[in-house]
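Asks: below are the sequence and a predicted model; questions follow.
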Amino acid sequence: QVQLVESGGGLAQPGGSLRLSCAASGFTFSSYAMSWARQAPGKGLEWVSGIYSDGSDTSVADSVKGRFTISRDNAKNTVYLQMNSLKPKDTALYYCIKGKYSSNWYEYDYWGQGTQVTVSS
């Protein structure tokens with residue numbers, strides 16, 4: 001069965017960095033786009049970033065543009081989210097998401113359990 005296991009969350013200071021990882025199993029990882037989304041306390045789900053199955057294209061939300069970078073290693077079945085210049089408003093539960101297709105990161109079918117990111121001094 002499809003499994004998405006996020007890791008790398010934790011407490012960071014404003015201006016700091018974290019790198020999230022998502023280890024995928026149970027499907028042909030290299031055939032599907034992957035995304036990250038987040039949910040802050042009391043707020044709705046926000047799509048953060050997506051990457052095509054072969055890594056040829058990526059996109060990030062305006063709220064994190066210039067600070068967050070998505071990447072993937074198809075040999076390791078892992079997708080990453082490098083988060084720099086963190087701000088308190090980045091505090092949220094971050095989810096790894098499997099896309100339904102290879103080059104569409106807005107349609108998805110499986111989610112991980114999430115990893116908590118807290119940005120605070």
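Replies: Nice, thanks for sending it over. Numbering: from 1, shown residues only.

Asks: strands of this structure, residue ranges please.
Replies: 3-7, 10-12, 18-25, 34-39, 45-51, 58-60, 68-73, 78-83, 92-99, 108-111, 115-119 (DSSP state E).

Asks: assess the claim that residue 50 and residue 34 are in contact.
Replies: Yes - counting by CB atoms under 8 Å, residue 50 touches residue 34, with 7.0 Å between them. All C-beta atoms are positioned from the backbone trio N, CA, C, and that covers glycine.

Asks: still on that earlier bit, turn the strands of the chain into CSV, columns for mean pLDDT and mean neighbour count.
Replies: Shown next, in CSV, are the strands of the chain (pLDDT from 0 to 100; neighbours: other CB atoms under 10 Å):
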stretch, mean pLDDT, mean neighbour count
strand 3-7, 97, 17
strand 10-12, 97, 14
strand 18-25, 98, 19
strand 34-39, 98, 23
strand 45-51, 96, 20
strand 58-60, 97, 16
strand 68-73, 98, 18
strand 78-83, 98, 23
strand 92-99, 98, 23
strand 108-111, 95, 16
strand 115-119, 98, 18
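
Asks: sorry, back to before: joint contacts of residue 50 and residue 34?
Replies: Counting by CB atoms under 8 Å, 6 or more residues apart in numbering, the common neighbours of residue 50 and residue 34 are 70, 99, 105.

Asks: so how far is residue 1 from residue 102?
Replies: When distance is defined by CB to CB, to the nearest Å, residue 102 is 21 Å away from residue 1.

Asks: which one's more surrounded, the two?
Replies: residue 102 (13 against 6; other CB atoms under 10 Å).

Asks: ok, the nearest residue in space to the more buried one that is not next to it in sequence - contacts?
Replies: Residue nearest to residue 102 in three dimensions, not counting chain neighbours: residue 53, with 3.8 Å by CB to CB, 6 or more residues apart in numbering. Contacts of residue 53 were listed using CB under 8 Å, 6+ apart, and they are 30, 31, 32, 33, 34, 74, 99, 102, 103.
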